[in-house]
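[1] here is my input; please provide its structure:
(one chain, ligands or ions: 1)
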Amino acid sequence: MAYLEFRNIFLNYDQRTIFSGFNLEIERQEKVLLCAPSGRGKTSLVKMLLGFVVPEAGEILVDGMRLTGKTVNDIRRKIAYVSQDADIPRGIVSEVFASVFNFPVNRHLSYQETVLRDWLKTMSLPEDTLEKNIDALSGGERQRLALVLGILLDREIWILDEITTGLDQELKKKMVELLLSYDKTILVVSHDDIYKNQRLREVSW
Ligand SMILES: Nc1ncnc2c1ncn2[C@@H]1O[C@H](COP(=O)(O)OP(=O)(O)OP(=O)(O)O)[C@@H](O)[C@H]1O
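    Reported below is the predicted structural model:
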């Protein structure tokens, strides 16, 4: 059985059909590039997986669990979602990270600021980022920080929605290499050619 499965999904917005009998199976630790043309429903698909958008019909299964109102929180806990708006909590970076790892759901993870410092270097972020307010970071810096947060949360499934927008080529390449090195199930939503012809399964519709 596949690790993630969209089974016979139907989704409409108002009168418009976005999915009509859509199927997709993803294996554990598979890296998938969702690269359908704009407007085909890539973001809607990941929102369905997170339970933020509910399809008219069809089933979504995660690790053998059917997504329902009862299981949605358990399923969300398996997922790190990094979006283009990099919606991480607001505040001073070091404090935000400390507080996120203090949430009951994340308390089993051992978090230390030195680890974050190392990640800032890896992501070519200035060391003083720690003392900055998240609102004062550039969009690209915020994206990279959101990715670091996603990595440190150590969830099984990563959804990365347009996370390389605005980065330079070198950093993008580094990012792709990094993602491929993890034994996680990763869904990348992107139009960026940087992900093409890599070790990602390209899925379009
Ligand atoms: N809440 C909503 N209400 C109505 N229409 C919506 C809603 N969300 C998305 N849509 C429409 O559904 C279609 C699919 O949107 P979605 O964002 O899922 O596509 P996408 O493939 O991710 O697009 P892009 O690559 O441009 O980001 C689009 O035409 C969009 O305008």
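[2] bridging residues for the residue positioned nearest the centre of the chain?
    Taking CA atoms, centre = their mean, the centroid of the chain lies closest to Ile159, which sits 2.3 Å from it. With DSSP bridges as the criterion, Ile159 is bridged to Tyr81, Leu187.
[3] got a list of contacts for stretch 67-84?
    For stretch 67-84, the surrounding residues in contact (CB atoms under 8 Å, 6 or more residues apart in numbering) are 46, 49-51, 59-63, 65, 105, 143, 146-147, 149-151, 153, 155-163, 165. C-beta here means a position set from N, CA and C on the backbone, and glycine is covered the same way.
[4] so is it next to the ligand?
    No. Using CB under 6 Å from any ligand atom, no contact is recorded between stretch 67-84 and the ligand, whose separation bottoms out at 8.3 Å.
[5] would you put the C-alpha positions of that stretch in CSV?
    Taking C-alpha atoms only, stretch 67-84 is exported to CSV below (Å, rounded to 0.1, in the frame of the first residue of the first chain):
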residue,chain,number,x,y,z
LEU,A,67,-8.2,11.5,6.4
THR,A,68,-11.4,12.5,8.3
GLY,A,69,-12.3,15.1,10.9
LYS,A,70,-11.2,12.7,13.5
THR,A,71,-7.7,11.9,12.0
VAL,A,72,-6.9,15.3,10.6
ASN,A,73,-4.8,16.4,13.6
ASP,A,74,-2.8,13.2,13.7
ILE,A,75,-2.2,13.5,10.0
ARG,A,76,-1.1,17.2,10.3
ARG,A,77,1.4,16.2,13.0
LYS,A,78,3.2,14.1,10.4
ILE,A,79,3.5,17.0,8.0
ALA,A,80,5.8,20.0,7.8
TYR,A,81,4.3,22.5,5.5
VAL,A,82,6.5,25.3,4.1
SER,A,83,4.6,27.6,1.9
GLN,A,84,5.5,30.5,-0.4
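[6] can you pull the phi and psi angles for the residue nearest to Ile194 when sequence neighbours are not counted?
    Spatial nearest neighbour of Ile194, chain neighbours left out: Lys172 (4.6 Å); criterion: CB to CB, 6 or more residues apart in numbering. Per-residue torsions, Lys172: phi -60, psi -50 (degrees, to the nearest 10).
[7] quick one: Lys172 and Ser190 touch, right?
    No. Contact criterion CB atoms under 8 Å: Lys172 and Ser190 do not qualify, at 9.9 Å.
[8] neighbour-wise, which of these two wins?
    For Lys172 and Ser190, the more surrounded residue by other CB atoms under 10 Å is Ser190, and the numbers stand at 22 against 19.
[9] distance of the nearest residue to that one once chain neighbours are set aside from Lys184?
    Distances taken as CB to CB, 6+ apart put Glu162 closest to Ser190, at 5.6 Å, once the chain neighbours are dropped. According to CB to CB, to the nearest Å, Glu162 and Lys184 sit 18 Å apart.
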